[in-house]
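A.B. asks: Return atomic coordinates for the entry below.
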Amino acid sequence: MSVSNALSLLGYRVTIVEREPVLGGKVCSLHHPFPGPVSAMDILAPPIDRIREDPRILVNLSTTIESWSYDGSEGLASLSDGTRVRADALVLATGLEEVPPSLVPEYGYGSKKGVITSLELEERLSKGQSPIDGEMHSVVFIQCVGSRTERRGVPHCSTFCCTSSVKNALLLKSEEPSREVTVLYIDIRTAGPEQEALYREARRRGVRFIRGQPSLVMEREGKLLVCGENTLLRELYEIPADLVVLATGLRPRSSNSGMFAGLLIAAGATGFPEPHAPARNGVFLAGSVKRPMAIEEAARDARAAALDIHESLIRVQDR
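C.D. replies: The predicted model follows:
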């Protein structure tokens, strides 16, 4: 959406091809994206309203691009609804997908009641729902589930999971100060002054941070029990929990590999495009299709992509 609005302001006509039935992507599911306290819809409403009111922007929902051909100055996109669109450039802003938490079965996702993902927590909070049925006396956040691992997930850090978990841990602690809230981590990576301040505030409010991912989430007497080792103190821990939140990693969309190959986009071992690769065949990349990005960074990157397209088209016209 950011690249579309930016290109429209530069005077271009834009066609948005969105696979989902609504605009906004995964941001639609978030409760209060960092730094808050605004809701996801407060963030999304202005750009969506601009798109709806802009006669230069056409939106195709529940649609995908089937093919793209380019002759050096103009391209032709074939859409899944049978439409063909002539365009000077194609922008890929396909975002990310979660690493399936089932890749780490010892944490009990899908088999133990009360084990959910960070995104599921955000969705329930955004709808005003309680994360679980019943009381929450103890909540445990497990970081890097499917991140920073070669074997079961992706090798990279997913960038903003720590900040997201700290934000939600602080929210649940502030909601009920007597609630035990624990974050289990490999390394806390709250990069940036506001993010670090959030982390310090969570510690001040009584959120516990324990270094060391758990080895197992089990059940004992009808309650979840999170078991592992505190790698700083070299002590084993067992933490009773009513709710366990898995901070799942983020990876390129599964459909990207075939799409990149068809568009001659070079991808690295992680599945993300090679950094700083030049635009080819009129194809440009925007936002977290490149790598995991927070909302603000993705929006900035999209605006930068719009300027790249503008400069590229000026060069084509000057030939």
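A.B. asks: Look at E229 and say how many residues are nearby.
C.D. replies: Counted with other CB atoms under 10 Å, the neighbours of E229 add up to 16. The C-beta positions use only the backbone N, C-alpha and C, and glycine is treated the same way.
A.B. asks: Excluding sequence neighbours, find me the nearest residue to it.
C.D. replies: G212 (5.0 Å; CB to CB, 6 or more residues apart in numbering).
A.B. asks: show me the contacts for the one you found.
C.D. replies: Counting by CB atoms under 8 Å, 6 or more residues apart in numbering, G212 makes contact with 184-185, 228-232, 237.
A.B. asks: tell me the SS of R300?
C.D. replies: helix (DSSP: H, G, I helix; E, B strand; the rest coil).
A.B. asks: didn't L170 look like it was pressed against R200?
C.D. replies: No. Shown here, L170 and R200 do not form a contact pair, counting by CB atoms under 8 Å, at 10.5 Å.
A.B. asks: For these two, indicate the residue with more neighbours.
C.D. replies: Relative neighbour count places L170 above the other of L170 and R200, with 21 against 12, counting by other CB under 10 Å.
A.B. asks: What are the boundaries of the helices in the stretch 151-300 of the chain?
C.D. replies: 161-175, 193-204, 256-262, 295-317 (DSSP state H, counting those that start in this stretch).
A.B. asks: Now do the buried residues in the first one.
C.D. replies: Okay, so that is helix 161-175. 161-173 (16 or more other CB atoms under 10 Å).
A.B. asks: With the third one instead?
C.D. replies: Taking 16+ other CB under 10 Å as the basis for neighbour counts, the residues of helix 256-262 that come out buried are 256, 259-260.
A.B. asks: Next one: A302 from D133, what distance?
C.D. replies: A302 is 40 Å from D133, where distance means CB to CB, to the nearest Å.
A.B. asks: Which of the contacts of G212 fall within strands?
C.D. replies: Counting by DSSP state E, these place 184-185, 228-230, 237 in strands.
A.B. asks: Same list, those residues, but as JSON lines with pLDDT please.
C.D. replies: As requested, the ones in strands among the contacts of G212 are exported to JSON lines (pLDDT from 0 to 100):
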{"residue": "L184", "pLDDT": "99"}
{"residue": "Y185", "pLDDT": "98"}
{"residue": "G228", "pLDDT": "98"}
{"residue": "E229", "pLDDT": "98"}
{"residue": "N230", "pLDDT": "98"}
{"residue": "Y237", "pLDDT": "98"}
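A.B. asks: Any chance of TSV for the residues you listed, columns distance to P55?
C.D. replies: Converted to TSV, the ones in strands among the contacts of G212 look like this (distance: CB to CB, whole Å):
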residue	distance to P55
L184	51
Y185	49
G228	57
E229	61
N230	60
Y237	60
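A.B. asks: Which single one of those residues is nearest to A191?
C.D. replies: Y185 (14.1 Å; CB to CB).
A.B. asks: Which residue lies closest in space to the closest one, excluding its sequence neighbours?
C.D. replies: Q143 (4.3 Å).
A.B. asks: That neighbour - that's part of a strand, no?
C.D. replies: Yes. Remark: Q143 belongs to a strand, assigned using three-state DSSP.
A.B. asks: That one contacts L184, doesn't it?
C.D. replies: Yes. The pair Q143 / L184 is scored as a contact, 6.4 Å apart, by CB under 8 Å.
A.B. asks: overlap in contacts of these two?
C.D. replies: What both Q143 and L184 touch, as defined by CB under 8 Å, 6+ apart, is the set Q213.
A.B. asks: So between these two, which is more surrounded?
C.D. replies: Taking other CB under 10 Å, Q143 and L184 do not tie; Q143 has more neighbours (27 against 24).
A.B. asks: The more buried one: what's it in contact with?
C.D. replies: 161-162, 165, 183-186, 213, 247.
A.B. asks: Which elements pack onto the helix or strand harbouring E120?
C.D. replies: Using DSSP states H and E, E120 sits within helix 118-126. Judged by 3 or more CB pairs under 8 Å, 6 or more residues apart in numbering; DSSP states H and E, helix 118-126 is in contact with helix 161-175, strand 243-248.
A.B. asks: For the protein, which helix or strand comes out least confident on mean pLDDT?
C.D. replies: Lowest mean confidence among the helices and strands of the chain (mean pLDDT, DSSP states H and E): helix 256-262, at a mean of 86.
A.B. asks: Need the contact partners of that helix.
C.D. replies: Contacts for helix 256-262 (CB under 8 Å, 6+ apart): 67-68, 92, 94, 265-267, 271, 273, 289.
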